[in-house]
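Novice: Below is the sequence, then the predicted model.
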Amino acid sequence: MRFTDSPVIELRVRDALLSIQQDNGSMHVGTTVWPCSLVLVKFAERWNPLTYTASPSPSAPNPYSSLLDFRNKRAVELGTGCGVAGMGLYLLGLSDVVLTDIAPVMPALKHNLKRNKPVLGKTLKMTQLYWTNPDQIKALGPPFDLVIATDVVYIEESVGPLLSAMAALVADTGVVLLGYQLRSPEAHRLFWELCGDVFNVEKVPHEHLHPEYAYEETDVYIMRKKL
Ligand SMILES: C[S@@+](CC[C@H](N)C(=O)[O-])C[C@H]1O[C@@H](n2cnc3c(N)ncnc32)[C@H](O)[C@@H]1O
């Protein structure tokens, strides 16, 4: 389910306000904002070393301090849609990030990057990437420290190419940050079955998500390559 029918979604990240225009009437799911993207960004904001000291218990150790310290990290987002996750993490210090999706989604992404330029201070990098296209994957210049993906597991046929793209893009020492919600039982089963061959998977405990952006059906996973 999409986040809301509202034509504009706002998301506060630190002291900035992202404003995303979505088109729920389009035939492409990428022109809509999906809740996993908001959940991932707000989880990252909660534990981001830039903001963590402002949390209610500043002396408690931060289990995600290294993972979410985005300084000097290179990242790519797969199936970015309107670009919420990429833009949100950019505001948390992920300055080197490229947002990718299929051609028909590019206009919506471009529009939202432009719309948020005043808040972001620049237009983030975007490019076409089909998970099935090895040339496009290579052209991005892997490996990346971080691969971001939210709400991208919903078609069984795409699961294999998605996992291959993730494995090809992420560095051996890197991490895939996945915002996940069950969309199709078949895709779900296959994804987690194949995922176990390639990645060690850690599920973020629900109580670590941002309290205002923790939905029962939505999870964040941290995936590292099996070496
Ligand atoms: C449900 S939407 C999620 C969009 C966005 N990540 C969010 O959370 O709001 C899934 C995204 O995956 C993209 N996608 C699906 N299959 C793809 C493929 N084979 N290659 C690249 N992107 C794909 C879609 O275009 C769409 O933007």
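Specialist: Sure, I can see it. Keep in mind that what you see is a predicted model, and the values were worked out from it rather than measured.
Novice: So which residues on the protein come close to the ligand?
Specialist: 28-30, 33-34, 36-37, 79-82, 84, 101-102, 105, 129-132, 150-152, 154, 158, 161 (Cβ under 6 Å from any ligand atom). For glycine as for every other residue, the C-beta is placed from the backbone atoms N, C-alpha and C.
Novice: which strands and helices sit next to the strand or helix carrying residue 158?
Specialist: Residue 158 is located in helix 156-169, with elements delineated by DSSP states H and E. With contacts taken as 3 or more Cβ pairs under 8 Å, 6 or more residues apart in numbering; DSSP states H and E, helix 156-169 sits against strand 74-78, helix 134-139, strand 144-150, helix 185-198.
Novice: which helices and strands does the last one pack with?
Specialist: Using 3+ Cβ pairs under 8 Å, 6+ apart, the elements in contact with helix 185-198 are helix 156-169.
Novice: The third one now?
Specialist: Taking 3+ Cβ pairs under 8 Å, 6+ apart as contact, the helices and strands that strand 144-150 lies on are helix 35-47, strand 74-78, helix 84-90, helix 156-169, strand 170-181.
Novice: in its sheet, what does that strand sit against?
Specialist: For strand 144-150, the paired strands and their directions (DSSP bridges) are strand 74-78 (parallel), strand 170-181 (parallel).
Novice: what about dumping the CA coordinates of stretch 30-47 to CSV?
Specialist: C-alpha atoms of stretch 30-47 as CSV (Å, rounded to 0.1, in the frame of the first residue of the first chain):
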residue,chain,number,x,y,z
GLY,A,30,7.8,4.6,-9.0
THR,A,31,5.8,7.8,-9.2
THR,A,32,4.3,7.1,-5.8
VAL,A,33,6.0,7.4,-2.4
TRP,A,34,6.1,4.1,-0.5
PRO,A,35,6.2,3.9,3.3
CYS,A,36,9.5,1.9,3.5
SER,A,37,11.4,4.9,2.2
LEU,A,38,10.1,7.1,5.0
VAL,A,39,10.8,4.4,7.6
LEU,A,40,14.4,3.9,6.4
VAL,A,41,15.2,7.6,6.4
LYS,A,42,13.7,8.2,9.9
PHE,A,43,15.6,5.1,11.2
ALA,A,44,18.8,6.5,9.8
GLU,A,45,18.0,9.9,11.3
ARG,A,46,17.3,8.5,14.7
TRP,A,47,20.8,6.8,14.9
